[in-house]
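Peer 1: just need the structure, nothing else, for what follows:
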Amino acid sequence: MRTADHGWFLPVDVLAVVSIASWHAWLLDGALAAMTRRLSWPTVGHCADGGL
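Peer 2: Below you'll find the predicted structure:
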């Protein structure tokens, strides 16, 4: 039973860790995009070409 439990829970744990990591990466990416948009919003008129 112990090996069966270990074989069952290990992939579930790995899947959970990967899904949580990708979820946090998605949240971080969205937050960074929102912050970049907010920071660049006042300078949109000056940087109409989109260059940083």
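
Peer 1: let me see the contact set for residue 32.
Peer 2: Listed by CB atoms under 8 Å, 6 or more residues apart in numbering, the contact set of residue 32 is empty. No exception for glycine: its C-beta is placed from N, CA and C like everyone else's.

Peer 1: so what pLDDT did it get?
Peer 2: Residue 32 is assigned a pLDDT of 87 by the prediction.

Peer 1: which strand or helix spans it?
Peer 2: Assigned by DSSP states H and E, residue 32 belongs to helix 2-40.

Peer 1: buried residues, that helix. List them.
Peer 2: Under the neighbour-count criterion of 16 or more other CB atoms under 10 Å, helix 2-40 has nothing buried.

Peer 1: begin at 434 from here
Peer 2: Taking 434 as the first residue, the last one we looked at is helix 435-473.

Peer 1: ok, residue 459 to residue 465 distance?
Peer 2: Separation of residue 459 from residue 465 (CB to CB, to the nearest Å): 11 Å.

Peer 1: where does the protein dip in pLDDT?
Peer 2: Within the chain, the stretches with pLDDT under 70 are 434-443, 473-485.

Peer 1: let's see 80
Peer 2: Scanning the chain for pLDDT under 80 picks out 434-446, 471-485.
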